[in-house]
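**Q** no letters, just coordinates:
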Ligand SMILES: O=C(O)CCC(=O)C(=O)O
Ligand SMILES: [Fe+2]
């Protein structure tokens, strides 16, 4: 028996394609790891973006899956305008938003909270038929330490599967359900429940519409069932995939400061927020860019 997936018989079991380093002219891109995460410098998102800078930001997102900006001072309208450069904005089916601004979701926890956003691994709102392409989280207030967010590459998780497992998963679909995630979740913030929440069927392995790369597309938060196989087999396969995708080899971890922004590609990234800072307050807004049907 192999003791650990990190110690194969002949070197590392997982060999990632780390991607080619490409040149940027208008922005500075500093990678956090070879496969996921980069800090972007040299750009003030409060200013109108030229098409060239926007293209470079888009390319940095495609290459690094989640990109981070520091020391950004944006009004709510500037945050919304930045999101609109990448597509139509998405309105969350359950979470609270800033008054009069449905597309400006509130992400907050303090000493009175009974929960914090995104405490388990998930991709945002994958229960919808057309889940968001990306989320842009702007943290305005955070503790001196704690409250990091973890991001994981679902390309890397897919590529590290055995060839036999890739063949097995090909063509399977799964149910993603919002009901157990959202019902009652925001009650203590005064948000009333809706009669129902979204539920959708998606491929277990999807192909990214921009990069053409395959990635795993099931997550602990929303995915409840793989279709067309017995329930116990579905439970077992999902349990394996979740354990597999949580390998730290596929991850980066971002340490926030006030006025930092994270922009993740929600099609190929899962994330998880650490609520390790109670009773301190962490506060920000998320602008979410609409996406299309996973294929
Ligand atoms: O608070 C965070 O760092 C992330 C919360 C979350 O899951 C989200 O905003 O989508
Ligand atoms: Fe999230």
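**A** The structure has been received and is ready for your questions. In this text, all values refer to a predicted model and were calculated from it rather than measured experimentally. Ligands and ions are numbered 1, 2, ... in the order given.
**Q** drop to CA atoms for contacts and neighbour counts, all remaining ones
**A** Will do.
**Q** what about the helix or strand hosting residue 108, near ligand 2?
**A** Element membership of residue 108, judged by DSSP states H and E, is strand 101-109. No. Strand 101-109 is not in contact with ligand 2 by C-alpha under 5 Å from the ion; minimum separation 9.3 Å.
**Q** so what does that strand touch, helix or strand wise?
**A** Helices and strands touching strand 101-109, by 3 or more C-alpha pairs under 8 Å, 6 or more residues apart in numbering; DSSP states H and E, are helix 76-84, strand 97-98, strand 282-289.
**Q** how about 10 Å then?
**A** helix 76-84, strand 89-90, strand 97-98, strand 134-141, strand 282-289 (3 or more C-alpha pairs under 10 Å, 6 or more residues apart in numbering; DSSP states H and E).
**Q** tell me what the first one is packed against?
**A** Counting contacts by 3+ C-alpha pairs under 10 Å, 6+ apart, helix 76-84 packs against strand 89-90, strand 101-109, strand 134-141, strand 282-289.
**Q** now the stretch 101-250 of the chain against ligand 1: closest residue?
**A** Nearest residue of the stretch 101-250 of the chain to ligand 1: residue 118, at 3.3 Å (C-alpha to the nearest ligand atom).
**Q** reformat the helices and strands packed on helix 76-84 as CSV; add mean pLDDT, mean neighbour count and distance to ligand 1.
**A** What follows is the helices and strands packed on helix 76-84, written out as CSV (pLDDT from 0 to 100; neighbours: other C-alpha atoms under 10 Å; distance: least, C-alpha to the nearest ligand atom, whole Å):
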stretch, mean pLDDT, mean neighbour count, distance to ligand 1
strand 89-90, 98, 22, 12
strand 101-109, 98, 19, 6
strand 134-141, 98, 22, 6
strand 282-289, 98, 23, 6
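**Q** okay, the ones you listed in a markdown table with distance to residue 77 next?
**A** What follows is those, written out as a markdown table (distance: least, C-alpha to C-alpha, whole Å):
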| stretch | distance to residue 77 |
| --- | --- |
| strand 89-90 | 13 |
| strand 101-109 | 9 |
| strand 134-141 | 13 |
| strand 282-289 | 11 |
